[in-house]
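> prediction below, plus the sequence it came from.
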Amino acid sequence: MSAVVLQVGQCGNQLGLEWWKLLSRRKKRCPFSSRNGKLAAVCVDTEPKVLRGAQEFVKKDKLLPSSVVEGKGGRGGNWAYGYHGGPGEGGRDLLERTMEALRLEAERRDYYGGTVLLHSLGGGTGSGLGSRLCEQIREEFPVGHILTVSVVPLQSGESPLQHYNALLSLASLHRCADGVLLFYNDHALSRAGLQQRSGPPGSLSAMNTYIASCLAGLLLPVQSLTTRSRWSLGTEPWELIRSMCPVPSAKLLYTTQASSGKGGCGRSCWDSLVSGTLQALPQISPAGTPYSSRAVLAVARGDQDASFVTSNVLQRLRHGHRCVQWNPFPVDYWTDPLNELGVSAPSRELTVSSNHSSVSGFLGRVVQRAGEMLRARAYLHWYRRYGAETEDLQQALNTVTDIIQEYDSQ
């Protein structure tokens, strides 16, 4: 595989743990691994207890010890602390050690295509250190791609600083990442209840399992992208960016998934799965304006009878996502006859990712709440303590506002 998976912070490592557990169900060799079977991953957090799951992989000889990077204390849910680090921490700082581990993993790849970053927009380590690493990776590997899997905190609130953290992180990702797969905790919570596979309903584990399943649907090898000799080059993450982000100024992607345990239902099955994905898609803004999409990618697994292409699924996706007129080929699709991770055999699974303008609703909430806090000068001393100034927040506010205008004008 051409990708290195970088797990940052508590959310990134918990999600990564579910991701690797899911991939372990495959009968074939893990595509995100080296030839020697070691996972192509780097796990980093400022609290050692978060990395216990990664240490278990080290004990099982599935992960190199050098790929687990521990800090000595948390980042207090503060983007600035995660980004700049704290004074007097001693030794090589977390950023330097993480980049060294990433370089070693990149050198082990037959072909290094880029990095897949798992993190949260709300926490101190995930948002702050994740932003700094994204910028550093872009500087040291300018040709490599960066695809981030960014988890959005609950709207009800997980931290008083989450709006500042999300604002600063989104601005940094806009500068450095090639594509951003956004997963909303609120959406994952509801979808996890519908596609329950493990854990109690609504649990953190169930949410992470749903997100990991979506990632597997998008990023695992598909027959459409294999060579004639049936060899996968592991280009799925980078082909996703190429297909989904036609304009660099709009790279925030919304993903949903639907699955069926019935493998022999043909076209009607795919129609049902498309309906399931469209039900989870926001259609109208609070102002009454219809949302639209610049690009849509549909990945169909379990298409043994090749009925996906012969059905009217692609047309339904184009109309359901209200694809823009200026993109002549807004809907791309990949198919594979097998659904390797299906809970039953045979089974079908449809994962749909969309560069959808409904993201402006989330961005608008972040700008509104962060702007109100900034005008009230709330919590600014917590950020100044670690090197972030009011100007940094104002610049991030302007950047995210520009993204909103970009999506609203499509």
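Structure received. Residues are numbered from 1 along each chain as shown.
> packing partners for the helix or strand harbouring Gly53?
Gly53 belongs to helix 52-59 when assigned by DSSP states H and E. If you count contacts as 3 or more CB pairs under 8 Å, 6 or more residues apart in numbering; DSSP states H and E, helix 52-59 packs onto helix 9-23, strand 68-70. (C-beta placed from N, C-alpha, C; glycine too.)
> which positions in that helix come out as buried?
53-54, 57-58 (16 or more other CB atoms under 10 Å).
> which single one of those is nearest to Val69?
Ala54 (9.5 Å; CB to CB).
> wait, that closest one touches Cys43, no?
Yes - with contact defined as CB atoms under 8 Å, Ala54 reaches Cys43; the gap is 4.0 Å.
> what sits in contact with each of these two?
7, 13, 16, 63, 67-68 (CB atoms under 8 Å, 6 or more residues apart in numbering).
> quick one, helices of the stretch 201-350 of the chain?
204-219, 236-244, 266-279, 307-310, 313-320 (DSSP state H, counting those that start in this stretch).
> least trustworthy helix or strand in the chain by mean pLDDT?
Least confident helix or strand, the chain: helix 185-194 with a mean of 78, by mean pLDDT, DSSP states H and E.
> in what helix or strand does the most centrally placed residue in the chain lie?
Nearest to the mean C-alpha position of the chain, by CA atoms, centre = their mean, lies Val149 at 1.6 Å. If you go by DSSP H and E, Val149 is part of strand 145-152.
> relative to that strand, what are the paired strands and their orientations?
The pairing partners recorded for strand 145-152 under DSSP bridges are strand 114-120 (parallel), strand 179-184 (parallel).
> report the separation between the nearest residue to Tyr379 once chain neighbours are set aside and Ala295.
Leaving aside its chain neighbours, Tyr379 sits nearest to Leu161 (6.1 Å; criterion: CB to CB, 6 or more residues apart in numbering). Using CB to CB, to the nearest Å, we find Leu161 at a distance of 33 Å from Ala295.
> pLDDT weak spots in the chain?
1, 87-92, 158, 193-202, 229-233, 262-267, 342-346 (pLDDT under 70).
> list the buried residues for stretch 236-244?
Neighbour-count burial for stretch 236-244 [16+ other CB under 10 Å]: 236-241, 243-244.
> can you list those in a markdown table and add distance to Pro290?
Below are these laid out as a markdown table (distance: CB to CB, whole Å):
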| residue | distance to Pro290 |
| --- | --- |
| Glu236 | 31 |
| Pro237 | 30 |
| Trp238 | 31 |
| Glu239 | 29 |
| Leu240 | 25 |
| Ile241 | 26 |
| Ser243 | 23 |
| Met244 | 20 |
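> and Ser353, that one's in a strand?
Yes - using DSSP: H, G, I helix; E, B strand; the rest coil, the assignment for Ser353 is a strand.
> make 25 the first number, not 1, from now on.
Happy to do that; since the first residue is 25 now, the last one works out to Ser377.
> what sits against it?
Ser377 touches 205, 242, 264, 268, 277-279, 320-321, counting by CB under 8 Å, 6+ apart.
> what's the farthest-apart pair in those residues?
Top of the distance list for these (CB to CB): Leu205 and Val320, 14.0 Å.
> list the contacts for the closest residue to Leu302 other than its chain neighbours?
Nearest residue to Leu302 in three dimensions, chain neighbours excluded: Gly344, at 4.4 Å (CB to CB, 6+ apart). With contacts defined as CB under 8 Å, 6+ apart, Gly344 is in contact with 298, 302, 305.
> swap in Arg59?
For Arg59, counting by CB under 8 Å, 6+ apart, the contacting residues are Asp134.
> before we move on, back to that, I'd guessed the residue nearest to the centre of the chain sits against Ile235; true?
Yes - checked against CB under 8 Å, the pair Val173 and Ile235 is within contact range at 7.5 Å.
> any shared contact partners between those two?
By CB under 8 Å, 6+ apart, the residues touching both Val173 and Ile235 are 39, 207.
> tell me the one of the contacts of Gly344 nearest Ala394?
Leu305 (26.1 Å).
> going by distance to Ser180, which of the contacts of Ser377 wins?
Looking across those and measuring by CB to CB, the closest to Ser180 is Tyr278, at 20.2 Å.
> can you get me a residue count around the closest one?
25 (other CB atoms under 10 Å).
> repeat that for Trp406.
Around Trp406 there are 18 residues (other CB under 10 Å).
> helix/strand/coil for it?
helix.
> any idea how far Gly147 is from the spatially closest residue to it that is not a sequence neighbour?
Nearest residue to Trp406 in three dimensions, chain neighbours excluded: Asn102, at 5.8 Å (CB to CB, 6+ apart). Going from Asn102 to Gly147 by CB to CB gives 9 Å.
> what residues are shared contacts of the two?
Asn189.
> more neighbours, the two?
In this view Asn102 and Gly147 are compared by other CB under 10 Å, and Gly147 has more residues nearby, 33 against 26.
> so what's the more buried one up against?
33-35, 99, 101, 106, 183, 189.
> redo the residues you listed as a markdown table? Include distance to Asp329 and neighbour count.
Output for the contacts of Gly147, formatted as a markdown table (distance: CB to CB, whole Å; neighbours: other CB atoms under 10 Å):
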| residue | distance to Asp329 | neighbour count |
| --- | --- | --- |
| Gly33 | 43 | 29 |
| Gln34 | 43 | 21 |
| Cys35 | 39 | 29 |
| Arg99 | 51 | 26 |
| Gly101 | 50 | 22 |
| Gly106 | 49 | 33 |
| Ser183 | 49 | 15 |
| Asn189 | 47 | 29 |
